[in-house]
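> A structural model of the following input is requested.
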Amino acid sequence: MAFVGVVGFGRGGRGPAACKKAVEGSGVTMRAAKIPDSRVAGKEYQKGDPENAQEYFKSYVATHPGDWRIRKQWAEFESRNGALDHAVEILEKAVEDFSSRSSLWSLLAGLEERCGNRKKAVVVYKKAIQEAGECSCLLLPWAVLEAEVGNVKTARDIFKKVIEHNPTDKNAYQAWGYMEFHAANDLAAARAVFEQGTRCCPDAAGLWLAWAQLEDEAGDAKLSERYFCEAAMADPREGSIWHAWGLMEERHGHFGRAEELFEQGIVVAPSSGSLWLAWGKMIERRGNVKKAQKIYLRGCMQDPTSKEIRRALHESETVGA
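Residues are numbered from 1 along each chain as shown. So this is what the prediction gives:
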C-alpha cells in the first residue's frame, strides 16, 4: 500500500501529534490506529480477534472520510468472512456518501442477491443507474438478474443498452444468448445474438466456445463442431476449449475423436489438469485401467497441485488391486 499523503506517512501527511488527536477523537484504540489493509485485518481475524480487525477499518474511515475505496475494501472483507448483513450496512452508508461510485452500487446489489433479496437488488440497480449513470458494471449484472428471475423482456432491453455502451462486450453477448435459448426458448434469437457477438469480437474464444456448447445442447452436432473449431483457432492454447470439445465427442460416442482432442489439448496446454483427468476417466470407463493410470501419472507430473487427478489415480489403483 502506498503511504504518500496518508496520515503520518510521506508528504502531505499529518504529524504524530495530529494523528494521535484524530484517533482519540474517533473513539478507536491506538492499537487499531494503523493504516488498514485487508491482509492486516485478515491476520487479526485469523488470530481470533475479529473486533480488532474491524477496528483497523473503523479507524481509517474515521480519519479518512473521503476515501470510498476503504469502504469497499471493508465491505468485501466482511462478506468474505460471512458477515453479509454488516457488509450491506457498510455499503448502504457508503452509497449515501459516494453516490456516483458505480462499483459500490454494484457490490451492494450483488450482496443483496447473495442474501436472497433479489427484489431489493433490482431496486439497488435502478437507484444506482439514477445516481451513478449507465455503465456496463451495473447494467450487465442487472440484466443477468432479470433473466434469472424470468423477466426476459426487461433483461433483453438492458442487454441492448449494454451493447450500445460497449459493442465488444463478449460477456454480455454470451449471457444474452444463453437467456434467449434457455429462458425465452428461442434458438433463432440466441443464434442471432451469438452471430452479432462473434462478428464484433471474432477473437473471443470464450464466446465461440459458448456458442458451440449451445449448439450441442440444441442438437446440431455439425454447427457445434464448427464453432469449437473457431474457438480453438481463436485461442489454441486454451485448455478449456479442448476439454469441452473432447467431452462432447465422448458423449456422442466418438471415443477416438475425443482422445485425439484431449491429446491435442495436452500438447498446447500440458498443465491443464482437467484435460488429463477427462482423458484418463474416458479411458478408464472404456476398461483400459492401466492406460488410464499412466495418463493420471503424467497428469500428476504436469499438474502436481491437482487433488482430483491424484484421487482418480488412487481410486483406479484400489479398483485394480
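> for the protein, which spans come out with low pLDDT?
1-50, 320-321 (pLDDT under 70).
> now the strands for it?
Ranges of strands in the chain, per DSSP state E: none exist.
> tell me the spacing between E263 and M301.
E263 sits 16 Å away from M301, going by CB to CB, to the nearest Å. Glycine gets a C-beta too; all of them are placed from N, C-alpha and C.
> please enumerate the helices of the stretch 201-321 of the chain.
Secondary structure of the stretch 201-321 of the chain (DSSP state H, counting those that start in this stretch): helices located at 205-218, 221-234, 239-251, 255-268, 273-285, 289-302, 307-320.
> can I get these in a markdown table including mean neighbour count?
Listed next are those as a markdown table, based on neighbours: other CB atoms under 10 Å:
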| stretch | mean neighbour count |
| --- | --- |
| helix 205-218 | 22 |
| helix 221-234 | 18 |
| helix 239-251 | 22 |
| helix 255-268 | 18 |
| helix 273-285 | 22 |
| helix 289-302 | 18 |
| helix 307-320 | 14 |
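> with distance to V122 added, can I get these in JSON lines?
Listed next are the helices of the stretch 201-321 of the chain as JSON lines, based on distance: least, CB to CB, whole Å:
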{"stretch": "helix 205-218", "distance to V122": "25"}
{"stretch": "helix 221-234", "distance to V122": "33"}
{"stretch": "helix 239-251", "distance to V122": "32"}
{"stretch": "helix 255-268", "distance to V122": "41"}
{"stretch": "helix 273-285", "distance to V122": "36"}
{"stretch": "helix 289-302", "distance to V122": "45"}
{"stretch": "helix 307-320", "distance to V122": "38"}
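> and those helices: which comes nearest E131?
With CB to CB as the measure, helix 205-218 is the member of those nearest E131 (31.7 Å).
> point out the other helices and strands that that closest one packs with.
Identification of packing neighbours for helix 205-218 by 3 or more CB pairs under 8 Å, 6 or more residues apart in numbering; DSSP states H and E yields helix 170-182, helix 187-200, helix 221-234, helix 239-251.
> quick revisit: of all the helices of the stretch 201-321 of the chain, which one is nearest A147?
Closest among the helices of the stretch 201-321 of the chain, using CB to CB: helix 205-218, at 14.7 Å.
> just want the angle from the closest one to helix 239-251.
10 degrees (axes from the mean of the first three to the mean of the last three CA atoms, to 10 degrees).
> can I have helix 205-218 written out in PDB, keeping just the CAs?
Taking C-alpha atoms only, helix 205-218 is exported to PDB below (Å, rounded to 0.1, in the frame of the first residue of the first chain):
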ATOM      1  CA  ALA A 205     -12.600 -17.700 -27.900                       C
ATOM      2  CA  GLY A 206     -14.900 -18.000 -24.900                       C
ATOM      3  CA  LEU A 207     -17.800 -16.600 -27.000                       C
ATOM      4  CA  TRP A 208     -17.200 -19.200 -29.800                       C
ATOM      5  CA  LEU A 209     -17.000 -21.900 -27.100                       C
ATOM      6  CA  ALA A 210     -20.300 -20.800 -25.500                       C
ATOM      7  CA  TRP A 211     -21.900 -20.900 -28.900                       C
ATOM      8  CA  ALA A 212     -20.500 -24.300 -29.700                       C
ATOM      9  CA  GLN A 213     -21.900 -25.700 -26.400                       C
ATOM     10  CA  LEU A 214     -25.300 -24.100 -27.000                       C
ATOM     11  CA  GLU A 215     -25.500 -25.700 -30.500                       C
ATOM     12  CA  ASP A 216     -24.600 -29.000 -28.800                       C
ATOM     13  CA  GLU A 217     -27.500 -28.600 -26.400                       C
ATOM     14  CA  ALA A 218     -29.700 -27.700 -29.300                       C
END
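> quick one: contacts of it?
170, 173-174, 177-178, 181, 187, 190, 194, 197-198, 201, 221, 223-228, 230-232, 234-235, 238, 240-241, 244-245, 248 (CB atoms under 8 Å, 6 or more residues apart in numbering).
> now do that helix and helix 187-200, the angle between them.
160 degrees.
> I figured L277 was touching A312, is that so?
Yes - in terms of CB atoms under 8 Å, L277 counts as a neighbour of A312; the distance is 6.1 Å.
> touching both of the two, which residues are there?
Y296.
> what count of nearby residues applies to P304?
11 (other CB atoms under 10 Å).
> equivalent analysis for N117, please.
Neighbours around N117, by other CB under 10 Å: 15.
> could you pull up phi and psi at it?
Backbone geometry at N117, expressed as degrees, to the nearest 10, gives phi -100, psi 70.
> i'd like the first residue to be 749 from this point on
With 749 as the first residue, the last one maps to N865.
> check the gap between it and L856 for me.
11 Å.
> excluding chain neighbours, what is closest to W822?
Of all residues not flanking W822 in the chain, F805 sits nearest, at 4.1 Å (CB to CB, 6 or more residues apart in numbering).
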